[in-house]
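Novice: generate coordinates for the sequence data below:
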Amino acid sequence: MALVAALFDDLLLGSNVVGWLQAGGHEVRLSGRPEQLEVAAAGVLVIDLGTPGFDGVAVVEGLKSGGELSGTRTLGIYSHVDADTRARALEAGFDLVVPRSRMAREGAALVDGLLAG
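Specialist: Predicted coordinates for the structure are as follows:
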């Protein structure tokens, strides 16, 4: 399985996501702040779009404009009631944007689907 980079400043949610993905056979590297993020070897970047600690959409836009996400698929997770964030992420070019509840149920399968193309 490919390496998954995960960016979550809520470490409880982040550790849950890591657990769900590891249970699906993925190696996951969790970062709590954008400046700690390493995406060079990652096949997928999973990012929390509802965190107050950073703007996840802006982080991905910056990485894309710098060419750092070449070959890395992006998966954003958001609160199911925050349609504006979902729309913003899709407009910014995220490959997939899903509610947190779906990530809990299908996280590994969603990452598998992104890796399959």
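
Novice: just the pLDDT at Asp84, thanks.
Specialist: Confidence at Asp84, expressed as pLDDT, is 92.

Novice: these two touch, right, Gly107 and Val17?
Specialist: Yes: counting by Cβ atoms under 8 Å, Gly107 touches Val17, with 6.4 Å between them. Using the backbone N, CA and C atoms, a C-beta is placed for each residue, glycine as well.

Novice: find residues that contact each of these two.
Specialist: Val46 (Cβ atoms under 8 Å, 6 or more residues apart in numbering).

Novice: Val97 against Tyr78, yeah?
Specialist: Yes: applying Cβ under 8 Å as the test, Val97 and Tyr78 come out as touching, 6.5 Å apart.

Novice: residue closest to the middle of this structure?
Specialist: By Cα atoms, centre = their mean, the mean C-alpha position of the chain lies nearest to Val46, the distance being 1.3 Å.

Novice: do you know how far Gly53 is from Ile47?
Specialist: 12 Å (Cβ to Cβ, to the nearest Å).

Novice: looking at these two, which is more packed in?
Specialist: Ile47 (26 against 13; other Cβ atoms under 10 Å).

Novice: which neighbours does the host helix or strand of that one have in its sheet, and in what orientation?
Specialist: For Ile47, the element it lies in under DSSP states H and E is strand 44-48. Strands that pair with strand 44-48, judged by DSSP bridges, come out as strand 3-7 (parallel), strand 73-78 (parallel).
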